[in-house]
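[1] Sequence and predicted structure are below.
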Amino acid sequence: MREAEALRPRVEEGLEATFRKVRTRHLRRRMAAGIVGLALPALVFALGWFALRPSEEWVPAGPSTPSPSPTSSVAGGACGWAEGGAPVPDGYEPGPRALEGDVDADGTIDLVQVLTDEARPERCRFVLRVRTGSGAEPTAVIAPLEWPGTAPEPRLLAEIDGRPGVEVVVDLSPAGVYRPGAVFAVVGGALERLELQLQGALSAELFPLDDEFPAGVDCTGDAGTIVVTLGAFAEGGDTRWELTRTTYRADGSSFVRIGRETAVVDVGTEADRWPELAGEPFRSCPFVTGR
Ligand SMILES: [Ca+2]
């Protein structure tokens, strides 16, 4: 038993290294395939996109020094106003998509919006606001992703972390194929951004909503427990996926990894996939609204 425990970290490191290698190789292959048949402007755009795309952030990177997340919420006041609970300054306008649900668990319905002020620097341009039934208005600045064409918008509300009140899922790249998301909870009257405990990965704040490669997240049957599934083409061709399903349990505002399994499956239709890979993030969670 003790020997098995001692071996486990080495086995996990091996799996992670293999997974990173496979994914990197197939991203290169996909980039090469994309070059064929593209006009020059599209080629330039594609190369830039692939270069900027943080392909590794889904993948636990093993013990290393954590790098600052490119999408961290800006700390209070960094945008020139006391974000958090103060009224949003003039100039920010709500986007077209609004969601309604009990985010702060007080029994009343709250209004969730992302506001935009195009005149502000990019990192301060987008603000998530929850207009609560009690009159309080917690806010959080959302720095956009680091490539063009990404403007955050509210995606859905769902019970995700096991604590009272639904969480807010923000789509950080609504127009893209690669769809990272941010998840917020109201805790003690303030918005907190939830994190996946990825042990040194680049972007613990990003939840995989969807991608052309297998990528998805869903609740499990246990409150506050989620499964994150990621994949790439398996060794030896483009007919099989190598998938990793990692289970996390919420501990405050962090999701702590509690389990992992890997599998190689045939590339198939949505009906053949696990539910979390169907392009509907958090589909099994309680109280989902806004799909
Ligand atoms: Ca909750």
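    Yes, it's here. No experiment lies behind these values; they were computed from the predicted model shown. Numbering: from 1, shown residues only.
[2] how about low-confidence regions in the stretch 51-200 of the chain?
    Along the stretch 51-200 of the chain, segments meeting pLDDT under 70 span 51-77, 199-200.
[3] Return the residues of it in contact with the ion.
    Proximity of the stretch 51-200 of the chain to the ion, by CB under 5 Å from the ion, involves residues 161, 163, 165. For every residue, glycine as well, the C-beta is placed using N, CA and C.
[4] Tell me which of these fall in helices.
    Using DSSP state H, no member of these falls in helices.
[5] Can I get the residues you listed in JSON lines including neighbour count?
    Conversion of those to JSON lines gives the following (neighbours: other CB atoms under 10 Å):
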{"residue": "D161", "neighbour count": "27"}
{"residue": "R163", "neighbour count": "17"}
{"residue": "G165", "neighbour count": "20"}
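[6] for these, which one is nearest R179?
    Closest to R179 out of those is D161 (20.4 Å), distances taken as CB to CB.
[7] Next, the contact list for that closest one, please.
    167, 185, 194, 224, 250, 253, 255 (CB atoms under 8 Å, 6 or more residues apart in numbering).
[8] Most neighbours out of those residues, which is it?
    Counting neighbours by other CB atoms under 10 Å, F255 comes out on top of the contacts of D161 with 27 neighbours.
[9] how much space is there between that residue and the ion?
    Distance from F255 to the ion, counting by CB to the ion, to the nearest Å: 12 Å.
[10] And for E118?
    32 Å.
[11] contacting residues around that residue?
    R125.
[12] measure it to G268 for me?
    Shown here: E118 relative to G268, a distance of 42 Å by CB to CB, to the nearest Å.
[13] L157 too?
    31 Å.
[14] neighbour count winner among the two?
    L157 (25 against 11).
[15] what bridges to the more buried one?
    V168, T289 (DSSP bridges).
[16] For the ion, what is the nearest residue in the stretch 1-150 of the chain?
    Going by CB to the ion, the ion is nearest to A105 of the stretch 1-150 of the chain, at 7.4 Å.
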